[in-house]
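*Asks:* got a predicted structure plus its sequence, pasted below:
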Amino acid sequence: MAGIVFLNTTLLCSPLPCLTSSQLHLPLTRRIHCSTSTSTSYPAATDKLPNSIDFSVTGGAYDFTKATTSLTNELITSSKKVTLLRHGLSTWNAESRIQGSSDLSVLTEAGVEQAERCKKALENIHFDQCLASPISRAKQTAEIIWQGREKPLVYIDSLKEISLYHLEGLKNGSGC
């Protein structure tokens, strides 16, 4: 899934919470307390999710090609809120196609409407920064939602969906 990240602070934590600091060779480990605020019921399998995760953070966005690289050495001194959003309905979502990192799928009319509703829902919330995948469906969604904000959008390649090579564009189920 190509992603959009809205930050109530200018940081993006390590994308590798499954690795310990010794595996990443990072000096500082923080315990992140996980919580959800939703009225949606999820399958019982989600009950097995941890309520906290240990992973290293430095207050900067990691270069995902090297987990030990940070954009800043500034340490996090307080809790931070990160809001994650998925892109709106894309043409390939509507056609039940595998997207991967392909940039051929764009937002449908319904996807644009979803982004506009999301913009309205978030308009009175302050965000320090918006990071988005440069893939067209995520980029379009972020541009709609972030429109009118002071700070510019920041596009980060590491938020792209993984490449699914020859499977991209195939109908769901046909690549198996």
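*Replies:* Good, I have the coordinates. A quick note: this is a predicted structure, and the numbers were derived from the prediction, not measured.
*Asks:* now stretch 99-112: buried residues?
*Replies:* 99, 100, 102, 105, 106, 107, 108, 111, 112 (16 or more other CB atoms under 10 Å). Using the backbone N, CA and C atoms, a C-beta is placed for each residue, glycine as well.
*Asks:* contacts for that stretch, please.
*Replies:* 2, 87-94, 97, 115, 135-137, 140-141, 144, 160-165, 167-169 (CB atoms under 8 Å, 6 or more residues apart in numbering).
*Asks:* the same query, at a cut-off of 7 Å, please.
*Replies:* With CB atoms under 7 Å, 6 or more residues apart in numbering as the test, stretch 99-112 has contacts from 88-92, 94, 115, 135-137, 140-141, 144, 160-164, 167-169.
*Asks:* straight-line length of it, end to end?
*Replies:* Stretch 99-112 has an end-to-end distance of 18 Å (CA to CA, to the nearest Å).
*Asks:* try stretch 128-140
*Replies:* End to end - CA to CA - stretch 128-140 spans 20 Å.
*Asks:* so which bits of that stretch are buried?
*Replies:* For stretch 128-140, using 16+ other CB under 10 Å, the buried residues are 129, 130, 131, 132, 133, 135, 136, 137, 138, 139, 140.
*Asks:* double-check residue 169 against residue 95; I have them as touching.
*Replies:* No. Using CB atoms under 7 Å, residue 169 is not in contact with residue 95; the gap is 9.4 Å.
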